[in-house]
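**Student:** Pasted the sequence and its predicted model underneath.
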Amino acid sequence: MKNCLSIAGSDCSGGAGIQADLKAFSALGTFGMSAVTSVVAENTQRVISIQNVDTAVIADQIDAVFEDVEVAAVKLGMLPSVEIIKLVSEKLRQYQPKFVVCDPVMVATSGDSLSGEGTAAALRDCIFPLADVVTPNMPEASALSGLRVESITDFDAAAEVIMRSGAKALLIKGGHADGAAVDVLYNENGRQEFTAPRVDTKNTHGTGCTLSSAIAACLAKGADTPTAVAQAKEYISGAIANADKLNVGKGHGPTNHFFDYYIIKGII
């Protein structure tokens, strides 16, 4: 059993953030752990309030895990301030985990902002050089590159800018575009597209968190980056396709992280 650590924000409604990460880790056969960076009072419709965790407490959480448990991969989610980003980067340099997957969370599915001023630049400068894979969606790719990213035709130019930060691989997610769900991976070997049919559902809360956690789990279990992305893409596509069977909340409901298990057990 490989152990995966999520350093991210907490979603009390269970669809995104730490809660989604732990579910994805478990669904893909790894043991999940967490260091909470921010407590977010949110549901499927809105973000009500945000309370960032003190950096000393974040550091203690990370230390508590690494001093006792062998960590196979780290997934980074909501790092809501420059101060927290710098602290996390220091801890990554201290412990040097084998794999780091960064989902540069900036905006919730509801449209509410989850990050403060200067975080895009801090992520590029402090976190991306330590990351094996960075997984922005289209709005995040736009914020990180300073370019307009409105369709898949804009991905290459944005990727060229973002990759200058030093990340080993970049996966720009096309969930906000029209048509099939196309994600594009950029690394030292060039450009590779991963395509899945688009599912007609409003229940997409936490898809970015879930995909990045799935990539981390697959890397931890020994997959190379393209294979990890392909396996994670297949997993999130299934979770989205079965999301309506959960019917959680009145807004953008969560994906169905354990759809395979629920099908086997006859629950759905």
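**Tutor:** Received, thanks.
**Student:** Distance check, Asp54 against Gly253.
**Tutor:** 32 Å (C-beta to C-beta, to the nearest Å). Quick note: C-beta positions are derived from backbone N, CA and C, even for glycine.
**Student:** So between these two, which is more surrounded?
**Tutor:** Each of Asp54 and Gly253 has its neighbours counted (other C-beta atoms under 10 Å); Gly253 has more, 23 against 11.
**Student:** wait, doesn't that one sit right on Asn43?
**Tutor:** No. In this structure, Gly253 is not within contact of Asn43 by C-beta atoms under 8 Å, at 9.9 Å.
**Student:** surely Gln192 meets Asp183?
**Tutor:** No. Using C-beta under 8 Å, Gln192 makes no contact with Asp183, being 9.4 Å away.
**Student:** Looking at the two, which is more packed in?
**Tutor:** Asp183 (24 against 16).
**Student:** Report all helices and strands that the strand or helix carrying that one contacts.
**Tutor:** Taking DSSP states H and E as the criterion, Asp183 maps to strand 181-187. Taking 3 or more C-beta pairs under 8 Å, 6 or more residues apart in numbering; DSSP states H and E as contact, the helices and strands that strand 181-187 lies on are helix 155-162, strand 170-172, strand 190-196, helix 225-241.
**Student:** repeat that with 7 Å
**Tutor:** strand 170-172, strand 190-196, helix 225-241 (3 or more C-beta pairs under 7 Å, 6 or more residues apart in numbering; DSSP states H and E).
**Student:** For Glu42, give me phi and psi.
**Tutor:** Main-chain torsions, Glu42, degrees, to the nearest 10: phi -140, psi 160.
**Student:** repeat for the one 3 residues further on
**Tutor:** Dihedral pair for Gln45: phi -110, psi -30, per degrees, to the nearest 10.
**Student:** Near it, how many residues? Count them for me, please.
**Tutor:** Counted with other C-beta under 10 Å, Gln45 comes out at 14.
**Student:** Pretty sure it sits against His205.
**Tutor:** No. Using C-beta atoms under 7 Å, Gln45 is not in contact with His205; the gap is 9.7 Å.
**Student:** What residues are bridge-paired with Ala73?
**Tutor:** Cys4 (DSSP bridges).
**Student:** Can you pull the poorly scored residue ranges out of the stretch 1-150 of the chain?
**Tutor:** Regions of the stretch 1-150 of the chain meeting the criterion pLDDT under 70 cover residues 107-115.
**Student:** That one: strands as residue ranges?
**Tutor:** Residue ranges of the strands in the stretch 1-150 of the chain, as given by DSSP state E, counting those that start in this stretch, are 3-11, 31-42, 47-52, 73-76, 100-102, 133-134.
**Student:** wait, which of the ones you listed is closest to Ala217?
**Tutor:** strand 3-11 (5.6 Å; C-beta to C-beta).
**Student:** Which positions within the closest one qualify as buried?
**Tutor:** 3-11 (16 or more other C-beta atoms under 10 Å).
**Student:** Equivalent analysis for stretch 223-231, please.
**Tutor:** Per 16+ other C-beta under 10 Å, stretch 223-231 contains these buried residues: 223, 225, 228-231.
**Student:** what's the answer for stretch 89-103, then?
**Tutor:** In stretch 89-103, counting by 16+ other C-beta under 10 Å, buried: 89, 91-92, 97, 99-103.
**Student:** Pick the one among those residues closest to Val161.
**Tutor:** Nearest to Val161 out of the buried residues of stretch 89-103 is Cys102 (C-beta to C-beta; 16.2 Å).
**Student:** and that closest one, how far is that from Ser38?
**Tutor:** In terms of C-beta to C-beta, Cys102 sits 16 Å off from Ser38.
**Student:** same thing with Asn256?
**Tutor:** From Asn256 to Ser38 the distance is 25 Å (C-beta to C-beta).
**Student:** same thing with Thr204?
**Tutor:** In terms of C-beta to C-beta, Thr204 sits 21 Å off from Ser38.
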